[in-house]
Each structure stands twice: as structure tokens, then as C-alpha cells.
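**Student:** Okay, here's the prediction I keep looking at, along with the sequence it came from:
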There are 2 protein chains.
Amino acid sequence: MLIGINPNLSPDLLFILASMGHGDEIAIVDANFPGASCGQRVVRLDGLTAPDVAEAILSIMPLDDFVKEPAHVMQVVGDSTAVPEAVAEFQRVIDTTADTPAPLASLERFDFYERSKSAFAVVQTGERRLYGNLILMKGVVRLDGDG
Amino acid sequence: MLIGINPNLSPDLLFILASMGHGDEIAIVDANFPGASCGQRVVRLDGLTAPDVAEAILSIMPLDDFVKEPAHVMQVVGDSTAVPEAVAEFQRVIDTTADTPAPLASLERFDFYERSKSAFAVVQTGERRLYGNLILMKGVVRLDGDG
């Protein structure tokens, strides 16, 4: 553990978050997600829910404010407008924790898989609720005075 | 870069600091030190002075308060009581940045090498001043109310 850093951020995940740059994406996925086959790099946090992992990540990772849609969830198959419980919780985490909150956008299931494959890393959580999947784009840490 | 984390803490160094536990030690060494031959794990931060690296590390790593001497420097060869400039600066960094400041202890040159070999990792800096070497022992992050 380290001072002031959420203890859910494992050494592997800290390494990945610090390695990522502006525009790189990280996928936080549930226990059913094909993480090992989609991820270029995979970190496991089996003991945690997906929103808890999102909260830990957003406590130190800026969310990109250069794009309109820096956060994507997976659409419910057959009902693209449904809002599953895990997704509602993701939005609450973003609203309360992200440096620059934004509304969630969504991707069709297989488009979400493709986007995960191009992400910098996949964090596979122990989330048991379906649709507990979220892709976040890293933003910038500004110097005071930078626009 | 990450929000609220000293940008001198590279991904490799963050991984190491988060991997360390109570009582593990990290050696911050100068540009003349035999880091690659002493270190079980070696991280390089060639662009930085040793006190700057110590300050970055102590911004998130607790200093051990279970022991009387959680921080050691290398004694000047032939003058064990001398206080080189880099060592004076280490003490200032500990006093201003450590969660539990402590006075520096010292080790004879070859004892310092041996202690570095048993440390969890060595961080080799770009410090050009002689005796810019410091070993820090990691403490604990307490829950509120823990003794």
C-alpha cells in the first residue's frame, strides 16, 4: 500500500495507468467478459466489482476532455436503450470521481469487444452483474494555467 | 502522468513501491554507485538528483516507524562524521516530506553496498555529487484508529 493511493490499485495496474498516455484506453470488464482473449495486456482484480475498480482508476487517471465521448459501456443485447444496474453505477462513479465527468456513450456488444482489443489494457474484475463493462479514455494532467 | 502523483515516479518505480511491504528497503543511489551489480531490481532515473527522487518516493511511501533507524546514508571514506551536501539535503527532504521523519543513520561504504544488495530495489539517479546514496525502509499505511 502507498500513502493517498486507493489500495485497490495493484502494482500491475499502477504500472499500466502510469504507462498510458493521452488518448489511450483502459477496459474495465466483468467476470463473464472474454478478457484474456481481447486484452493486449490483462490485469486481474477478481475480488472487486467493476464500479469499485472504475472508482479506483478515476481517482488518479484523468478522463479525456478532448473528446465528446471518453467513456463507453456495452449495450444490452436486444434492448440498446436499457440501463443495467452496473451501468447506472458507472455513471454515478464518473459523476462523483472523474476530474472531468461526462455522460456514458455505448457500443454494440461486438463493437465493444473490438474496441477492447485496441485498448492499452483490460482489467478483469469479479463483477457478477451482466454488462459490468466500461472503457475509459485517459486525458491529460495539466500544469496550472494550461488550457 | 497521473493525478496527484509526483511525475518523477516512473511506471517501473510505482510498480516497485506498490509491490514493497513493511520492512522492505529501497536504495536511492548516485551516478557513481555500482547499482546494476548491487540491485536485485534496478530502476534508472538518470535525469534526476537523488534528493529529488527521495522526495518523490517519500510523497507516497511511508517511512518505517517500527525501527529507530529507517534511513541510512553512506559514511564518507576516511571521515565518518562528515556531512556531504547531498546528505544534508536528504535530511531536509525527510524532515519536510516523510510521514514520520527520522534522523539519518549511516553505514560504512562496504556495509552500505551489502545492505543495498539485500534491498528490494535500487533506484539509480543522475546524482553527480558524491555520497548521494540513501536507503529507506518502508513502513505501514494505517487505518484511522490503528496504533
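**Tutor:** In hand now; what should we look at? Residues are numbered from 1 along each chain as shown, chains lettered A, B, ... in the order given.
**Student:** going forward, measure contacts and count neighbours with C-alpha atoms only.
**Tutor:** Fine.
**Student:** elements contacting the top helix by length along chain A?
**Tutor:** The residue-count maximum for a helix in chain A (DSSP state H) belongs to helix A:85-97. Counting by 3 or more CA pairs under 8 Å, 6 or more residues apart in numbering or on different chains; DSSP states H and E, the packing neighbours recorded for helix A:85-97 are helix A:50-58.
**Student:** again, only using 6 Å
**Tutor:** Packing contacts for helix A:85-97, counted by 3 or more CA pairs under 6 Å, 6 or more residues apart in numbering or on different chains; DSSP states H and E, involve no helix or strand.
**Student:** got the buried residues for the helix or strand just after it?
**Tutor:** Going down the chain from helix A:85-97, the next helix or strand is strand A:105-107, by DSSP states H and E. Neighbour counts over strand A:105-107 (16 or more other CA atoms under 10 Å in any protein chain shown) mark A:Ser106, A:Leu107 as buried.
**Student:** Name every strand pairing with strand A:105-107 and say which way it goes.
**Tutor:** According to DSSP bridges, strand A:105-107 has the following sheet partners: strand A:71-74 (parallel).
**Student:** Let me see the mean pLDDT of the strand it pairs with.
**Tutor:** For strand A:71-74, the mean pLDDT works out to 98.
**Student:** same thing with stretch A:102-112?
**Tutor:** When pLDDT is averaged over stretch A:102-112, the result is 98.
**Student:** what does that stretch rub up against?
**Tutor:** A:Ala71, A:His72, A:Val73, A:Met74, A:Gln75 (CA atoms under 6 Å, 6 or more residues apart in numbering or on different chains).
**Student:** What count of nearby residues applies to the third one?
**Tutor:** A:Val73 has 26 neighbours, counted by other CA atoms under 10 Å in any protein chain shown.
**Student:** Could you measure from A:Ser19 over to chain B?
**Tutor:** The spacing between A:Ser19 and chain B, counted by CA to the nearest CA, to the nearest Å, is 6 Å.
**Student:** residues in contact with the nearest residue to that residue once chain neighbours are set aside?
**Tutor:** In space, and not counting its chain neighbours, A:Ser19 is closest to B:Pro11: 5.7 Å by CA to CA, 6 or more residues apart in numbering or on different chains. Contact analysis of B:Pro11 by CA under 6 Å, 6+ apart lists A:Phe15, A:Ala18, A:Ser19.
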